[in-house]
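Asks: A structural model of the following input is requested.
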Amino acid sequence: MSKQPTLQSLDQPANLKTILAEQREFEDCTPCKLMGSAAFTGLGVYTYASGMSQLRQREREIAKSGSRFGLGARRMGIFGLSGSLVALGAYRLLN
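Replies: Residues are numbered from 1 along each chain as shown. As a prediction, the model looks like this:
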């Protein structure tokens, strides 16, 4: 059975050193961080390369369609998505 905290113990502020020590126990290992970072970064690079390639292939078709979202907006969307994924990869590696 787990020990139930008393009202008096819940009323006291938590010890910061104890909390930080408990959190360190659940940090990811370096290989896990590297794999996660590589996955996000690789997906970002692939999204950029694939998206820009498809835009170049269909450039005329998009221009003829008269869509509200022209090539510039689509390029910005691909750039934003791929940039976000690469940033997530960097964040995963550093944190």
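Asks: What is the lengthiest helix in the chain packed up against?
Replies: When the chain is parsed with DSSP state H, its longest helix is helix 30-57. In terms of contacts (3 or more C-beta pairs under 8 Å, 6 or more residues apart in numbering; DSSP states H and E), helix 30-57 is packed against helix 71-94. Using the backbone N, CA and C atoms, a C-beta is placed for each residue, glycine as well.
Asks: What average pLDDT does the helix it packs on get?
Replies: Across helix 71-94, the average pLDDT comes to 96.
Asks: and residue 14, what element?
Replies: For residue 14, there is no helix or strand it lies in under DSSP states H and E.
Asks: Residue 5 too?
Replies: Counting by DSSP H and E, residue 5 is found in no helix or strand.
Asks: mind listing what's buried in the helix or strand just after the longest helix of the chain?
Replies: As assigned by DSSP H and E, the chain's next helix or strand after helix 30-57 is helix 59-65. For helix 59-65, burial by neighbour count (16 or more other C-beta atoms under 10 Å) applies to no residue.
Asks: How far away from the center of its chain is helix 59-65?
Replies: Remark: helix 59-65 is offset 32 Å from the chain centroid, using C-alpha atoms, centre = their mean, to the nearest Å.
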